[in-house]
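J.: Build the 3D model from these lines:
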Amino acid sequence: MDNSICQVYEEIQSLEEEIKLLAEKKSFQREFQGESKGRESPSDLKAELESLEADLSFLMKFTGIQFTSHSKKTVEKTRNRTVQKHRLSGNCHSLSFQLEFQLLEMQNKESVSAVITDLSIIMESGEDSDMSKFVSSTEERGNLLTFFRSLSSYAEWYEHRRCTFLHFKAKYPDIVTLPEGLLGDYIILRNPKLSGFELMIVWKIHIDEEGRTTPVLDLLTKVPEQVLQQKMATIETAPARFRSMLLLFGIETAIENLIKVVGLEK
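T.: Coordinates of the predicted model:
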C-alpha cells in the first residue's frame, strides 16, 4: 500500500469538510469569484472524494478493518513543527480496537518527517497473552502499519475459528460442546452413549512480538479407565494422528473426521 489506511481515512474526512464549506458558501460564489479562483470546484472535490471512498472500501474488504470514529486535535504548532493528538476506534472482523497517539511532524527545507509517539492500544481479545505482548511491543515501537497488518491476519484467524466452531456445533449438536462459547479457544467432543469419554480440540492463535500469526491446534483426551485399558494404543496415538490429519487434510476435515469417530464409539 502506498498510503496507510489512517492517511486515506483522514483525506476523506478533510475532503468531506471542504465540500461542506463550499456548499454553505455556494450562494456567495459570484461575489467571491475572484477569491476562489484557481481552487478545485465542488464537482472535482466530490469526484476525488468518491475515488478515495472506493479505495477505502477496497481496503476494508481486503483487510477486514473498519473505522467507526476518528478525531484529532492540534496541541502544538510552530513554523516547522506540528503535534496532533489522534483518537481512532474501529473493528477488524469481530475484534474491536481503540487507538490513541500523538503525531509529530517536522518540516525543513528538504523534507517533511512524521513520528508517532505516546501510542496506546486497547484490544478486546480476551485473555490472550500473545496478543497482549504484541500490543505492548507495538506501543513501544509506535509502528501503526505493522499493527494493522498483523491485526488483519490475527482477526481473520479469530473469525475463521469462530465460524468453524459454530458450523460444527450446528451440525453435530449432540457431540460438540462449547464451554466458553464461540469466542473460546477449544471445543469438547462427547459421545452421549459413552459416559466420561471426551476429546478436547484446542485451537490457539499464536502471534509473536513481530506480528507473525500462526494457528496452533492440538488434541487432549479424557477417557474412563475401563475404556483406556481396552483401547490404550488407539487413545495414546490419537493426538499424533490428529496432528497428521491437520497437515494432510486441513483444519475442517481433520475436525470433522474426529467428530465422526467419536460419534461411532460405543
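
J.: Now do the contacts for the closest residue to Tyr172 other than its chain neighbours.
T.: Ranked by CB to CB, 6 or more residues apart in numbering and with sequence neighbours excluded, the top spatial neighbour of Tyr172 is Ile259, at 5.4 Å. (Each C-beta comes from the backbone N, C-alpha and C, glycine too.) By CB atoms under 8 Å, 6 or more residues apart in numbering, the residues touching Ile259 are 168, 172, 175-176, 189.

J.: now the residues you listed: which count as buried?
T.: Among the contacts of Ile259, those scoring as buried are 168, 172, 175-176, 189 (criterion: 16 or more other CB atoms under 10 Å).

J.: how about a markdown table for the residues you listed, with distance to Gly211, pLDDT and secondary structure added?
T.: Listed next are the buried ones among the contacts of Ile259 as a markdown table, based on distance: CB to CB, whole Å; pLDDT from 0 to 100; DSSP: H, G, I helix; E, B strand; the rest coil:
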| residue | distance to Gly211 | pLDDT | secondary structure |
| --- | --- | --- | --- |
| Phe168 | 29 | 96 | helix |
| Tyr172 | 35 | 95 | coil |
| Ile175 | 36 | 94 | coil |
| Val176 | 32 | 95 | strand |
| Leu189 | 33 | 94 | strand |
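
J.: Give me the helices and strands touching the host helix or strand of Ile205, please.
T.: Per DSSP states H and E: Ile205 is located in strand 198-207. Contact analysis of strand 198-207 by 3 or more CB pairs under 8 Å, 6 or more residues apart in numbering; DSSP states H and E lists helix 129-141, helix 144-171, strand 186-190, strand 213-222, helix 251-264 as its packing neighbours.

J.: Using CSV, list the CA coordinates for that strand.
T.: C-alpha atoms of strand 198-207 as CSV (Å, rounded to 0.1, in the frame of the first residue of the first chain):
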residue,chain,number,x,y,z
GLU,A,198,-14.4,-36.8,25.8
LEU,A,199,-11.9,-35.2,23.5
MET,A,200,-10.8,-31.6,23.7
ILE,A,201,-9.7,-29.8,20.5
VAL,A,202,-7.6,-26.8,21.5
TRP,A,203,-7.2,-24.1,18.8
LYS,A,204,-4.8,-21.3,19.8
ILE,A,205,-3.9,-18.3,17.6
HIS,A,206,-0.2,-17.5,18.2
ILE,A,207,1.1,-14.0,17.4
